[in-house]
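**Student:** generate coordinates for the sequence data below:
(chains A, B, C and D)
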Amino acid sequence: VEEPLIFEMDSPGKSAVDLPPAPETAGGDRLGGLKRKGRVGLPGLSEPEVVRHYTRLSQKNYGIDTGFFPLGSCTMKHNPRLNEKLARLSGFSDVHPFQPTKTVQGALELIDTLADWLKRMTGMPAVAMSPAAGAHGELAGMLAIRAALEARGDARSIVLVPESAHGTNPATAAAVGYKVRSIPANDAGRVDVDALKDALGPDVAAFMITNPNTCGLFERDMVEISAACHEAGALVYMDGANYNAIMGRVKIADLGVDAMHINLHKTFSTPHGGGGPGSGPTVLSDALAPFAPLPFVVKQDSGWHLVEHEADPACKGAGKTPFGRMKGYHGQFGVFVRALSYMMSMGGDGLRQASDDAVLNANYLMAKLSDVLTPSFEGPTMHEALFDDRFLKDTGVSTLDFSKALIDEGFHPMTMYFPLVVHGALLMEPTETESRQTLDVFITAVRALAEKARSGQAKEYFAAAPHLTPRRRLDETRAARKPVLRWTAPEATADA
Amino acid sequence: VEEPLIFEMDSPGKSAVDLPPAPETAGGDRLGGLKRKGRVGLPGLSEPEVVRHYTRLSQKNYGIDTGFFPLGSCTMKHNPRLNEKLARLSGFSDVHPFQPTKTVQGALELIDTLADWLKRMTGMPAVAMSPAAGAHGELAGMLAIRAALEARGDARSIVLVPESAHGTNPATAAAVGYKVRSIPANDAGRVDVDALKDALGPDVAAFMITNPNTCGLFERDMVEISAACHEAGALVYMDGANYNAIMGRVKIADLGVDAMHINLHKTFSTPHGGGGPGSGPTVLSDALAPFAPLPFVVKQDSGWHLVEHEADPACKGAGKTPFGRMKGYHGQFGVFVRALSYMMSMGGDGLRQASDDAVLNANYLMAKLSDVLTPSFEGPTMHEALFDDRFLKDTGVSTLDFSKALIDEGFHPMTMYFPLVVHGALLMEPTETESRQTLDVFITAVRALAEKARSGQAKEYFAAAPHLTPRRRLDETRAARKPVLRWTAPEATADA
Amino acid sequence: MRYLPLTDDDRKAMLDAVGVASVDDLFRDVPDSARGGEPTDLPDHASEMAVERTLSAMARKNVTGQDAASFLGCGAYRHHVPASLDYIIQRGEFLTAYTPYQPEIAQGTLQYLYEFQTQVSMMTGLPVANASMYDGATACAEACAMAIRVTKRDRVLLSGGLHPHYTATTETFLKHTSAEVEALGPNPLAVEDLVGRVDSRTACVVVQNPDFFGHLKDLTTLADACHEVGALLVVAVAEPLSLGLVNPPGEMGADIVVAEGQSLATPTNFGGPGVGLFATREKFMRQMPGRLCGETVDEDGRRGFVLTLSTREQHIRREKATSNICTNSGLIALAFTVHMTLLGEAGFTGLAEVNHATAVRLAEKLEQIKGVKVIPSAFFNEFAVRLPKDATEVVDKLADKGILAGVPAARFWPEYEELADVMMVAATELNDEAAIDAYVAALKEVL
Amino acid sequence: MRYLPLTDDDRKAMLDAVGVASVDDLFRDVPDSARGGEPTDLPDHASEMAVERTLSAMARKNVTGQDAASFLGCGAYRHHVPASLDYIIQRGEFLTAYTPYQPEIAQGTLQYLYEFQTQVSMMTGLPVANASMYDGATACAEACAMAIRVTKRDRVLLSGGLHPHYTATTETFLKHTSAEVEALGPNPLAVEDLVGRVDSRTACVVVQNPDFFGHLKDLTTLADACHEVGALLVVAVAEPLSLGLVNPPGEMGADIVVAEGQSLATPTNFGGPGVGLFATREKFMRQMPGRLCGETVDEDGRRGFVLTLSTREQHIRREKATSNICTNSGLIALAFTVHMTLLGEAGFTGLAEVNHATAVRLAEKLEQIKGVKVIPSAFFNEFAVRLPKDATEVVDKLADKGILAGVPAARFWPEYEELADVMMVAATELNDEAAIDAYVAALKEVL
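**Tutor:** Below you'll find the model as predicted:
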């Protein structure tokens, strides 16, 4: 069944909302003559039509709730409904950011409690809670690094980034005014430490490293890397995208890093929501802690206090010189509630077990698929299994085709063509919330598809996949060449 | 994707619920040696698996939220989420039926307020709130009738039921100890009043009539029928299954009836839930009011009072002699909240408009389909459009085949083979919550299918329909011949 | 009016298509004397906000289990409801579906009903179960009617330990049949002689386990006595969680088990809706009331599920149906089955253990109060206590202190003076140590 | 541990398949000095019940908009959220999906983003909109960065009427670029001379409408002044509901409109998450930050939607990307678009009217209190007032009386003594007559 756009379902005058009557006023409106003249152009629908429309749209989507979602580097784990329920307690949801702080002690306590958990887990002394997502957390970390360097009168100009890094790393470094230099990987899929050491110098502000890295591997030389950076006067930003593999196993502080963001919407299940909202608290070392952005919560004898200004005695008086503000208000509070709900549910023991199971699941996939796919690097791997496209050589089937064929088997494809350091990458992240039964069904399907591809008889089948979806492959070139980014009434088009 | 049974997903020892620790006790258990010995046999699953399992199962279902559901006599109207939200207020959901009544004044107020709305709408002086569904409401009504007749020393032995009635009517009459006599319909699809008058006599306890009747027609002679019954000393039970057509238009009291149940889960949108829970409050005339079942709510100076015993002064002292009790506790309270939420949202004006629109929608379907299907009776019809299978004559396509083919077009089929008074009946009830656009799409699909059927070329297509569903036609004979009503472990089967 | 999609333009165009001038014309079959039914004394339609405000105000007038420490049972139990359960039952595909008459597009409903029937069968220890009844009380009444059909006898004996609402509902249902219902009076202290009352006229004996006062009993002797004379033993279970810890009725010889599923499905909701569970022996399958879901295959040979044995039902059998039940408790059955699936073997038995231990803990503390006596020697998560004062007064005073302490027996039997000092008390996993201590302290104060 | 499906048996079998003895072996790449990361000082896993109890206790320490009459705004507004909206955004297919990288199985997300972009475009009066940003403040910062890219100039002028958090965020974002940010100080009373400050070095001027103090302004002259020198006008909208009643920025000459969508999407949630709206002129399309959804066709020629113009984004462009944004606010964008669809033209404009009338009503009543002055002559649903006393103290005292009366300007500018008696007050459809009267009465008491 095709589902039209809401604009194509318009019945003028209809509304799915009944309004209370507007109160009488003595003096008419006070709009200063700025009242809107024309229609907005919004369509009118009744409530039954709206509910059915979005229900039907939802049925064209794939989510963790509907099936296995091994999208590498995205940590698509189960999203508990308890998180949603607690975030909707009116004591959390119906609280305004600018209430007198004596009326929001529970909200401040929640922020401080979550911060405390994050600090204990990572062993880091401080955390900036306000970043709204991973990339935003990177920005906070890099701003803190720049502030710290400037505070010691040594801003520097270069940030080093491994070639396997997520695109957000160089983009963030550039946003903070740094030039970006790429560091190559070695044959084992890890940072080439010698190359890094060669690149370190008096103008290097920081090294941004993802660990476990985007090939799914732990950077064995991490402690040495941090030491080398610090020795060269540079700071270490660790991208926390893959933190799920090591929480409860590795204290971040022990790796010598200065900053790491944590994606609450991935690692702490809060959930991804089709593209957010996220939340990216950034843990900071002692070197960076004084520069953490506004606002932040401190516990005082009189209760929890929200520091919103540099002039606040809890700021300046306490040796803090915040580098600024990341966004409006006090962080992604609704996401905090969900994250704390998850963390308390899992506990210290459960979080460690989650890392163990995530890593075990990835290694199990690797073990069970290594003979039919081509693993890019030697294991053990961490929470992801990386393959390249050598197994597809001479089959005429591409990584893209192979992934699209998996959709017809009932699975969300793995991450494709990332990381860039291997050819035709297939990056699978099973997470700890998948059962062995599910992995086995997936393994069977992947093996069958790999055999089908290698048979040489199925090139057209793969090229045409997926076959069973609400839409077949979409023409992305056409979309980009002459972008149509909004609906326009057919009449208007005819006029144009 | 196939979805196994939960029993086939078992991992022993697993659970999707973490329990609090059991408290220590001084003296061990107090089970008197009756502790369970063996396993229950339940499967162990984790929360992610359970959520995914039921999400996937849900996707094999069709509901109002997913599409048009013109199932005749079932009033499948939109189910507002406001109802669900308000029923979940802890002040309603987390209240125990046996709290001291001073702690549940709001709950009693709600029951009394809903009763008041029902009485005002129908013009009837009393209502029994406790029946749990339509058939249960019928039972309450017939028990009240029997009690009233016995109270006047004239129990009688026969109940008259039109041949077009729902099966629950004769089943209910039988459950109250009456013999059932069928009254034929006339050519206009209505009760044959002469036949009824002939059948009325000193041993007739009641006439059970559905109005609008199951052919979708209003019983024009209703006032006369009631008068004739009363004259013969019989009482009139009106089946309220089709009340949606006339609420706000016709006061039930004006029709001279003595009892009518109201399906809150149909007429008042509370919703149907794949088969309940329902709620069937039964409005009663003055003749029946004293016999209404326990419990009931009365407003007193000190607040709302719940009458739970015949010995209560608000019962015996007030001339009430309840015929008994219909079920545990005080009625389908959670359903009451939803119904009142809907009724207050609609208001008196909205409820009348709902009837008008439901009737208009049915007549529109009738008008737009009369040339391709074969309407059974002359209109205007009320909220349903009834067709028979004459239009399928000599096509080799049955009513069943035709209905199943509609599924492939994205619609839930209409009611088939009911009422029994026409051959191969197709009974469509669009309800007021469908838009004209939806009806037009449906009309186009039905017209195309009717033409396809009449082309004579598509017999096999229809016989094999539906084609696009999670399951094709199911073997019901096999299911009934050797019933398998529960899962059994494969080993156990092998042993048997 | 947000729920109505027709606009005035639509209405006009549709009236034109129908060929009438106004909607009034469509109601022309209504006799003149019955026109003008508009309920002019009802308020007009209202915004979500306004409705929410009005109903929230009513809700706030109730004392909830969150406002007060609650120890109430008597067939309705307060347990933790997992968040995922409440999410699943609100999915539109479940919530807004009809009874699964079209199995090709109702496999979701049908499969969960099949899972439900299997779970109920496992819990009760009987091989077949139906797809739900209205509630425990009506299921009990239907069980008696079924026993009468099966045995072709007329005498029904109801234990005095049966939930008084079950007793009253059964009496009402059977009032106008040939059945003779003998309901024994309540007596929490004495041993009831049911065995001695069974005879060759008896269709069935109905007992509750644990009974209304909390007594947990071995039913084997009674079952044997019933079977010896060809009567059936019907066992009612008001707290199905007990089946996680206690020997199931099916293994003690019950022929029919009925139960109220609320405790494992939904909050107490002031008593409704619940869900009736109904299980029996294989040989009685075709005499069961209610819907049944069965396994079969589709045209392509794939396993699927359908409603079956509908020749028992009223839409086929009409006045000869086994019951008049039609709509039942589908969504509450779903809630029940989801909860049972979430719990699994380990969770179900573990939760039962926590409940029992909590109740024992409470009993041990109450027994230390002078004049307070816990009546049953064996119980699950609920027990009657005898107080040194009038129980209704005690409950009333404790309610003012924020403790919903129990249900006075006098609420059900105001005429039995000897029960005036008896109160039923339940404890579940939601009653933590602090709540128990607060209860004990408050009770001491008012005694 | 309810979220973990592996059993110990599974783990053992899987370790065997991998060929290692224990999970520790899988972590062998971790340097010895970094082992032992187990957070032993954290509590163990807990039941749903226990977590709910702990977090509910925190929630109860907050005063909610249901406990107190709330008149707070300053960029976060309390509106009625329709029940159907909250249902839709909780559907697992939306809630648990990822960013729609695989369009064949993400048409649900993509179609609503396309609907969202269209609605934002319609509301703002600008032809293209993106698929959401984090919030209004970051959208504002991104707009300035974009204006710098488009104009290849460095000066950014921020109005003193801009939300102070938007100002601070923009300053932070642009801190280490070549940009020179000039942020004017707050002055609710004076007319700001923005026109006189625009020059040929100006990349953009940012104003808020209605501004932080509630002033509603005609921006046409300022737009002309900007365009005359080749600068862009960026307009921030903190209360998008105002666009239902007020001339949209696009029609007053804005080149970029940024807004905070929270007010139409979610409860206030102590300030987050929100959703940033971002719209601009067609010619700047390829310079926009954030995700964009575009229309296309599939292999069978059917209309479908995809993420497009991703060559602007960091996963392609890396350090040359238009922004580093990746995850944005998909689910809040869904909430926004569902609410806008529910409202439709009639509901959106009608709700705006109710809000304005409610605010006017409140203003009229406040103006009758001696010493209280409503500052803006034209406003939408919020306005600054000058009090005869210190505003912080007044707010504090009224909070104790159950009135959340407003936000003192001193909360944002503690250093501006002349703002000590200024308070921002908002009124929405949720403030009924009774709440307004209670407010006025309580305010009189404390003044």
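
**Student:** any bit of the helix ranked longest in chain C sitting next to chain B?
**Tutor:** Secondary structure of chain C per DSSP state H: the longest helix is helix C:330-367. Yes. Using C-beta under 8 Å from any C-beta of the partner chain, we find that helix C:330-367 touches chain B at C:330-334, C:338, C:340-351, C:353-354, C:356-358, C:360-361, C:363-364. All C-beta atoms are positioned from the backbone trio N, CA, C, and that covers glycine.

**Student:** tell me the bridge partners for the residue positioned nearest the centre of chain C.
**Tutor:** For chain C, the residue nearest the mean C-alpha position is residue C:260 (3.0 Å; C-alpha atoms, centre = their mean). Counting by DSSP bridges, residue C:260 is bridged to residue C:276.

**Student:** so who does the residue lying closest to residue C:102 once chain neighbours are set aside touch?
**Tutor:** Spatial nearest neighbour of residue C:102, excluding adjacent residues (C-beta to C-beta, 6 or more residues apart in numbering or on different chains): residue B:413 at 6.0 Å. Listed by C-beta atoms under 8 Å, 6 or more residues apart in numbering or on different chains, the contact partners of residue B:413 are B:71, B:403, B:404, B:406, B:407, C:102.

**Student:** was I right to think the residue nearest to the centre of chain C contacts residue C:278?
**Tutor:** No. Between residue C:260 and residue C:278 there is no contact under C-beta atoms under 8 Å: 11.0 Å.

**Student:** who touches both of the two?
**Tutor:** residue C:139.

**Student:** what residues are up against the residue nearest to the centre of chain C?
**Tutor:** Contacts of residue C:260 (C-beta under 8 Å, 6+ apart): B:328, C:75-76, C:135-137, C:139, C:237-240, C:274-277.

**Student:** now the contacts of residue B:413 as TSV including secondary structure and pLDDT?
**Tutor:** Compiled in TSV, the contacts of residue B:413 are given as follows (DSSP: H, G, I helix; E, B strand; the rest coil; pLDDT from 0 to 100):
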residue	secondary structure	pLDDT
B:71	strand	95
B:403	helix	97
B:404	helix	97
B:406	helix	97
B:407	helix	97
C:102	coil	96
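
**Student:** spatially, which two of those are the most separated?
**Tutor:** Pairwise distances across the contacts of residue B:413 peak at 13.9 Å for B:71 and B:404 (criterion: C-beta to C-beta).

**Student:** please identify the buried residues of the longest helix of chain C?
**Tutor:** Of all the residues in helix C:330-367, those buried under the rule 16 or more other C-beta atoms under 10 Å in any protein chain shown are C:330-366.

**Student:** do it and chain A meet at all?
**Tutor:** No. Contact of helix C:330-367 with chain A is not found when judged by C-beta under 8 Å from any C-beta; the minimum separation is 11.0 Å.

**Student:** how near is the nearest residue to residue A:168 once chain neighbours are set aside to residue A:169?
**Tutor:** Leaving aside its chain neighbours, residue A:168 sits nearest to residue A:135 (4.2 Å; criterion: C-beta to C-beta, 6+ apart). Residue A:135 is 9 Å from residue A:169, where distance means C-beta to C-beta, to the nearest Å.

**Student:** please say which of these two ends up with more neighbours.
**Tutor:** Ranked by neighbour count (other C-beta atoms under 10 Å in any protein chain shown), residue A:135 and residue A:169 place residue A:135 first, with 31 against 27.

**Student:** that one sits in which helix or strand?
**Tutor:** Per DSSP states H and E: residue A:135 is located in helix A:134-151.
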